[in-house]
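Enquirer: no FASTA, just this:
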């Protein structure tokens, strides 16, 4: 029989993040500030290079000058990131189309089990349950049903049942 796991046990097994739980205000504040500073560190060089291009009066007013090498670097980064974005977009779109095609044409059409063998197994299960625990109607209509020790199923009960009735596993 499958072991029943309680919600508290599952929460111990899974990884949890205090950032998304109630409370922990200072943790949220600290992690948010670190994330904002990190993104500023990523965006600041681009802003530094784009400021004289976008706002030349502002740059001239505060003696904010850029050099030719900076524009070449900016142009290289823009070209590189644009090509990378287009290639990633094409790759991911192609993989998505291929995955949808495979799912639609192969995975949904293949029968993953033998229906005849499954029907034989169901018949054996129902007969065994009827023999041990009474008929299905009685089992489903009664409010309280107590199973005696002799009625419990062995670990290899179904394996032996299949072997005895010559049904493959």
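Expert: Okay, I see it. Computed from a predicted model, the values in this text were never measured in an experiment.

Enquirer: domain map for this structure?
Expert: 1-55, 67-110, 115-164 (automatic domain parsing).

Enquirer: element containing residue 113?
Expert: For residue 113, there is no host helix or strand (DSSP states H and E).

Enquirer: would you tell me which helix is longest in this protein?
Expert: In the chain, taking DSSP state H as the definition, the longest helix is helix 68-102.

Enquirer: want to throw the domains of the chain into CSV with mean pLDDT?
Expert: Shown next, in CSV, are the domains of the chain (pLDDT from 0 to 100):
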stretch, mean pLDDT
domain 1-55, 83
domain 67-110, 88
domain 115-164, 83
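
Enquirer: figure out which of these is closest to residue 61.
Expert: Closest to residue 61 of these is domain 1-55 (Cβ to Cβ; 9.3 Å). The way it works is simple: take the backbone N, C-alpha and C, and place the C-beta from them, glycine included.

Enquirer: and stretch 130-146, how far apart are its ends?
Expert: 15 Å (Cα to Cα, to the nearest Å).

Enquirer: which residues are in contact with it?
Expert: 126, 129, 147, 151, 153 (Cβ atoms under 8 Å, 6 or more residues apart in numbering).

Enquirer: change it to 7 Å
Expert: 126, 151 (Cβ atoms under 7 Å, 6 or more residues apart in numbering).

Enquirer: ok, stretch 73-86 next?
Expert: By Cβ under 7 Å, 6+ apart, stretch 73-86 touches residue 49.

Enquirer: let me have the domains of the chain in a markdown table, adding distance to residue 61 and mean neighbour count as columns.
Expert: Converted to a markdown table, the domains of the chain look like this (distance: least, Cβ to Cβ, whole Å; neighbours: other Cβ atoms under 10 Å):
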| stretch | distance to residue 61 | mean neighbour count |
| --- | --- | --- |
| domain 1-55 | 9 | 10 |
| domain 67-110 | 19 | 10 |
| domain 115-164 | 80 | 11 |
